[in-house]
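Participant: Sequence first, predicted model second:
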Amino acid sequence: MIRTTTLVAALTLLAGCPGPALPPAGDRAPPSVGSIAAADLAIAATPYLQGNLVQRYCDCQGGAADGCVGGDDLAGDGSAARPYRTLDAAMAWLNGGAGRTAALCQGGAFASAGAGQFVYTLSSNACPAGTICNELREYPLGGQGPKPLILNAPGSHALFSSNRYGADSGGWRFMNLKLQGSWDPAGQGNLAFFLYASPGHLTHDLAIENVDMDGFDLAIQDATSDHQRVLVTGNHFTRSKAWAFLGASSDLTVSYNSFVDCGSDNKFDHAVYLASKATVTNVALVGNFVSGFSTGSGNTNCQGAPIVGHGAFQDLEVSGNVVVEDASADPGCWGLAFTNLTSAPEAIFLRGARFWGNVIVNGGNAGLVVDSCPGCRIENNLVIQEAPLGGWGIVSPADPARAASGDDVEDGVRIVNNTVYFGARAVSGMSGGVGVVAEGTGHVVANNTVTYAATTGSGNPVACFGYRLPLAAYAAIDHNHCASAAAGTAWQGQGGASALAAWQATGFDLHASAASPGWPFPTPLALPAWDDARTGAELFAPFFRPAGPPLAGGGGAAWA
């Protein structure tokens, strides 16, 4: 992006300490974004809930560490010296009242009962709204052994469920565990957590922290928008066959998790799918890492969207996430997509939304795409494209509101300080590095930089920016930059003035530049290896930090 000196302050915010809380409304300042490793360390050191009665359990089923010594449900007393044994006993005791901690031995392995669709149903337990009072976690506290392993039975079984007909269920914490699904390529319905309640009831105050979830069809389903205060942080999702996280509810935080080989090569499966038919408020998707797909077909390239959202959201924060896919991404792939491209008839809107500080590598047809987001803030994102697809870097709104569904019309989108880079292998052209193309008025596009490093024939057009609306729809367009190695590159590729000089004659981009950017992008790109101890801004710092003119110091302070 064309930067002013505020870049250093922005990166300092990106590298801050983790914290799940966000202000509930309004024009929030960018949140602090920490690393996954930092979140895990903080969670692992968390003490037991103060005042809780603690009972300990140790089982040594298949997968237990060497030296595991099992307890006894009959002869034990719940102490570390004489633990009880089974997960059945632990869950029965936890469901018996509030203020209880069931601690499972590190290095132990526990088999679930596997009876029925819902294996362990969480009781209402009289835990007051706004509090957590029961927990399932590890002992010894703060120990260094392997996480307690819980094995879900093969088949259609939800390991933990808040499926309470006629009652609320809440106040639960799951921490420092490993949950193993059956990983059956032909199976369906093997879940780690299924959060549901009958109409008029809800799941409230449920935290899932530093839990490894491997080999489930669906790891976490937040199935009902009535739920409140669900926290999913510091977890590691691997090989989730269809989705790793599905659903949305109010005061939902999904932060500092890794999603590796989740979703499938089916375009309807995603690692993270935020979806709600009713309005949900204060949803935060912060600091997550997503890469790869789980598939039994042998086709491992992105064909859907690693992170997707369809729903009615009030105060949505999508910040500091990193999506990295292979350069063989399919044209049907959309890296980070919050759109109205859904067959659901309910209204779609993203009110009070900010997409800030995200990194999307090889997002396919579009890196970052957003619809129905009035007043949307799309700031300080980095999009890198190596695949030869000819798509978009950042586009919002990409599609008009569906009048029949009552989608919000997107007015006043603000796309500022973003970096889009199409590498030397992206030889199929570029529809637009940044585009505002579908609808609305009052849009601002400023301080963005686009680089197209490939050369391509005339059959594969290259456009730096895309503006399909009447010029009166744009409140400000200035201080943008684009450098292209392709002959015939259009500054504005949607008809009318295509050369920069002709575009400036409209009164826009009077301070724009088409000069070579002030940093070297090596060809081919040397992408950093993922390190969960570093943030996306730290890993990709060379792409965020221009070395000199025309970018450094070339931005407009009004949009910095």
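Facilitator: Sure, I can see it.
Participant: longest strand in the protein, by residue count?
Facilitator: When the chain is parsed with DSSP state E, its longest strand is strand 272-286.
Participant: need the contact list for the nearest residue to residue 551 once chain neighbours are set aside.
Facilitator: Nearest residue to residue 551 in three dimensions, chain neighbours excluded: residue 518, at 4.8 Å (CB to CB, 6 or more residues apart in numbering). C-beta: built from backbone N, CA, C; applies to glycine. Counting by CB atoms under 8 Å, 6 or more residues apart in numbering, residue 518 makes contact with 546, 547, 548, 549, 550, 551, 552.
Participant: which one among the residues you listed gets closest to residue 284?
Facilitator: residue 546 (29.4 Å; CB to CB).
Participant: For the closest one, give its distance to residue 460.
Facilitator: Distance, residue 546 to residue 460, by CB to CB, to the nearest Å: 27 Å.
Participant: which residues of the stretch 451-560 of the chain fall in helices?
Facilitator: 500-504, 536-539, 541-544 (DSSP state H, counting those that start in this stretch).
Participant: Give the other helices and strands that the last one contacts.
Facilitator: Translated: helix 541-544. Judged by 3 or more CB pairs under 8 Å, 6 or more residues apart in numbering; DSSP states H and E, the packing partners of helix 541-544 are helix 6-14, strand 382-385, strand 419-422.
Participant: Going by mean pLDDT, which of the ones you listed comes out lowest?
Facilitator: With a mean of 28, helix 6-14 has the lowest mean pLDDT of those.
Participant: where does the chain have low pLDDT?
Facilitator: Residues of the chain meeting the criterion pLDDT under 70: 1-33, 163-166, 186, 264-268, 294-303, 329-330, 332, 457-458, 495-496.
Participant: quick one, what contacts the most far-flung residue of it relative to its centre?
Facilitator: Residue farthest from the centre of the chain, counting by CA atoms, centre = their mean, is residue 75 at 45.9 Å. Neighbour list for residue 75: residue 82 [criterion: CB under 8 Å, 6+ apart].
Participant: Okay, it and residue 108: tell me how far apart.
Facilitator: Counting by CB to CB, the gap from residue 75 to residue 108 is 17 Å.
Participant: Would you agree residue 136 is in contact with residue 94?
Facilitator: Yes: applying CB atoms under 8 Å, one finds residue 136 in contact with residue 94, separated by 6.5 Å.
Participant: Give me the more crowded residue out of the two.
Facilitator: Remark: of residue 136 and residue 94, residue 136 carries more neighbours, 26 against 21, as counted by other CB atoms under 10 Å.
Participant: That one falls within a strand, correct?
Facilitator: Yes: counting by DSSP: H, G, I helix; E, B strand; the rest coil, residue 136 is part of a strand.
Participant: Pairing partners for it in the sheet, please.
Facilitator: residue 102, residue 174 (DSSP bridges).
Participant: residue contacts, it?
Facilitator: Contacts here follow CB under 8 Å, 6+ apart; on that basis residue 136 touches 90, 91, 94, 101, 102, 104, 172, 173, 174, 175, 177.
Participant: nearest spatial neighbour of the last one, skipping sequence neighbours?
Facilitator: Distances taken as CB to CB, 6+ apart put residue 211 closest to residue 177, at 4.9 Å, once the chain neighbours are dropped.
Participant: The second one now?
Facilitator: When the adjacent residues along the chain are set aside, residue 91 lies closest to residue 120, with 4.6 Å between them (CB to CB, 6+ apart).
Participant: partner strands of the helix or strand containing that neighbour, parallel or antiparallel?
Facilitator: According to DSSP states H and E, residue 120 maps onto strand 118-121. Strand 118-121 has these partner strands in its sheet, going by DSSP bridges: strand 158-161 (parallel).
Participant: contacts for the partner strand?
Facilitator: 112, 117-122, 150, 152, 174, 179, 189, 191-196.
Participant: Return the distance of residue 482 relative to residue 521.
Facilitator: Applying CB to CB to residue 482 and residue 521 gives a distance of 14 Å.
Participant: tell me which residues in stretch 155-174 are buried?
Facilitator: Across stretch 155-174, burial judged by 16 or more other CB atoms under 10 Å covers 157-164, 168-174.
Participant: In PDB, list the C-alpha atoms belonging to stretch 246-264.
Facilitator: Extracted C-alpha coordinates of stretch 246-264, given in PDB (Å, rounded to 0.1, in the frame of the first residue of the first chain):
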ATOM      1  CA  LEU A 246     -19.900 -24.000  10.900                       C
ATOM      2  CA  GLY A 247     -22.500 -21.500  12.100                       C
ATOM      3  CA  ALA A 248     -22.600 -18.200  14.000                       C
ATOM      4  CA  SER A 249     -24.100 -16.700  17.100                       C
ATOM      5  CA  SER A 250     -23.900 -13.400  19.100                       C
ATOM      6  CA  ASP A 251     -20.700 -12.500  20.900                       C
ATOM      7  CA  LEU A 252     -18.900 -15.300  19.000                       C
ATOM      8  CA  THR A 253     -15.100 -15.200  19.000                       C
ATOM      9  CA  VAL A 254     -13.100 -17.500  16.700                       C
ATOM     10  CA  SER A 255      -9.500 -16.500  17.300                       C
ATOM     11  CA  TYR A 256      -5.900 -17.800  17.100                       C
ATOM     12  CA  ASN A 257      -6.800 -21.200  15.700                       C
ATOM     13  CA  SER A 258      -5.100 -23.200  13.000                       C
ATOM     14  CA  PHE A 259      -7.100 -25.000  10.400                       C
ATOM     15  CA  VAL A 260      -4.900 -27.400   8.400                       C
ATOM     16  CA  ASP A 261      -6.400 -29.600   5.700                       C
ATOM     17  CA  CYS A 262      -9.900 -28.800   6.600                       C
ATOM     18  CA  GLY A 263     -12.900 -28.500   4.200                       C
ATOM     19  CA  SER A 264     -12.800 -30.500   1.000                       C
END
